[in-house]
Every structure is written in C-alpha cells, then in structure tokens.
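# Using only what follows, build the 3D model:
(one chain, ligands or ions: 1)
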Amino acid sequence: MNVSITFDDGNMEQYERYLPVLEMFGFKATFYITTSQIGMKGKMGWDELRGLHDNGHEIGSHTHTHPHMTMLRPRLLEDELAKSRKILEKFGARSFAYPAGDYDKRVVDAVKRHYESARTYTDKGFNTSGSDPFLLRSADSDMLGRLRDREWAILVYHGPNTVPRAHLAAWLLRSKLHRSARNRTFLSSIRGMAKGNEISRDDAMGIRGFEEVCRTIKDMGAKAITVSQGVDSVLGGKP
Ligand SMILES: [Zn+2]
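Numbering: from 1, shown residues only. This next block holds a predicted model:
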C-alpha cells in the first residue's frame, strides 16, 4: 500500500504548520508550486522551497500563474509549462498538478512535453501499475480504508487559508485593468479560489485532521512516498 501526500499552491501555511507534522511521522511529500507566486504574501519563498528539497521532499509544478489550462491559447499553454519548469529546474521538478483539476487532451499532450507525470484533482480513485502517469487520480482520506495492497492513493492539501483575502482583492483589481486572454483566465482562476472551489474536504479538517490522517497512514503500514517515487515504483514496476 502506498500513499502520497501532496500540497498545492505553495502556501506558507503548509511549511509552517503541515511540515512539522510530516517530520514527526518521517513522511516525504510532494509540493506543487505556482511559480509566479513564489515569495508573495502568504506563499513560500526560495528559502522554504530549498529547505523542502534538501530534506527529501519533492517540488513539482502547478503552472506559472495558475490558469484554467483548457482555456489557454497554444502559445500561453506552452509558456505556463515551460516557465514553471525553468524556474523549478534547480529542484529537478518532474511532476505536475493541473490547476483546479482542469485538463483536456490538448493540455495533457502539452504537459507530456515538459513533465514525467501529472496529478488530477477532481478525478477520485486509486492508482495501480496500469494507471496513466499523466492522469494520476487523487483520493480523499476517508477512502484510505479501501486501499489494497498494490494500490497507490494520492491525497491533496492546500492548507486552510489558501490565499489571504486582501491578496485576492489586489489580484482582482490588477486583472481587471488588463483585458488580454491571459488575464481573463487568470481572473477566472482567482474567482475560483475566492469561492474556495479548490478547498478539499481534507483541507476543511484542518491541521488536527491532517495529524489523524498521518497516523492512519502509519497504522495501516502504508508507505508514504513522493509522487515521482510512486511513478517509479507503482507504475514503473521498480521495487
Ligand atoms: Zn491550485
């Protein structure tokens, strides 16, 4: 049994509150970073990312500006992937997570040119040796009781306060000043975040709930692995 704990959006709260819990259990996690937001208010900066990487956690990409990718023109789609990959190069980023779980065939094909795997958000289930590495399913922690021997569950966390309200207001204002396609998609993703459509059921349980989930993973005897370790060992058939 394998479980990956993943964190989206690079929120500082993940570093300050969730990382100590991971350390208490000796678990390594995967952090999907939106690269244009590195060092912004409420977000992790370079020191935090370096600290995670040096301690064996995985750094993956969550695009450059967190757009709804299916709405992007080809050139912008490519930009979002290439820019974030370049920025995260020093951390050897190999895995990707679709913002808001939004993808189609065109998006998946583009992601394949830059990364080795990709995690979905709204597609719930477990992964096995036959799973598509670019359509990795995610799971809610209350599904863990059904996890079987060779299966792999990927949990998703954002942290309770995804983006500070004042920050969202500033972004909204800035986006409204521009009318390019890029800003329209950016705007819609901010609206989505403001409405909280990226807050999962597990997020809602807070840090206490997260501790419980870590204890469950340990008690189940499941292996806590990063997403790329899962791709190598569960999908790639490596031990
Ligand atoms: Zn996100």
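# quick one, phi psi at residue 120?
phi -90, psi -180 (degrees, to the nearest 10).
# Can you tell me the closest non-neighbouring residue to it?
Leaving aside its chain neighbours, residue 120 sits nearest to residue 101 (5.3 Å; criterion: C-beta to C-beta, 6 or more residues apart in numbering). All C-beta atoms are positioned from the backbone trio N, CA, C, and that covers glycine.
# List the contacts of the one you found.
120-123 (C-beta atoms under 8 Å, 6 or more residues apart in numbering).
# just the residues you listed that are near the ion?
Among these, no residue lies close to the ion (C-beta under 5 Å from the ion).
# in what helix or strand does residue 66 lie?
Counting by DSSP states H and E, no helix or strand carries residue 66.
# Repeat that for residue 203.
helix 201-204.
# that older thread, local confidence estimate at the residue nearest to residue 120?
The model reports residue 101 with a pLDDT of 89.
# Over to the one 3 residues further on?
Looking at residue 104, its pLDDT reads 95.
# Near it, how many other residues are there?
Counted with other C-beta atoms under 10 Å, the neighbours of residue 104 add up to 9.
# tell me the phi and psi of it?
Residue torsions, per degrees, to the nearest 10, at residue 104 are phi -150, psi -170.
# how much space between the closest residue in space to it that isn't next to it in sequence and the ion?
Leaving aside its sequence neighbours, residue 104 sits nearest to residue 70 (C-beta to C-beta, 6+ apart; 4.9 Å). Separation of residue 70 from the ion (C-beta to the ion, to the nearest Å): 15 Å.
# hang on, the earlier thing: mind listing what's buried in the helix holding residue 203?
202-203 (16 or more other C-beta atoms under 10 Å).
# And the contacts of residue 101, which is closest to residue 20?
residue 121 (25.2 Å; C-beta to C-beta).
# Reduced to three states, what does the closest one come out as?
strand (DSSP: H, G, I helix; E, B strand; the rest coil).
# Is it correct that it is in contact with residue 103?
No. Between residue 121 and residue 103 there is no contact under C-beta atoms under 8 Å: 9.3 Å.
# can I assume residue 155 sits in a helix?
No. Using three-state DSSP, the secondary structure at residue 155 is strand, not a helix.
# quick one, what contacts the residue nearest to it when sequence neighbours are not counted?
Leaving out its chain neighbours, the residue that sits closest to residue 155 by C-beta to C-beta, 6+ apart is residue 5, at 5.2 Å. Listed by C-beta under 8 Å, 6+ apart, the contact set of residue 5 reads 22, 27, 29-30, 155, 157, 214, 217, 224.
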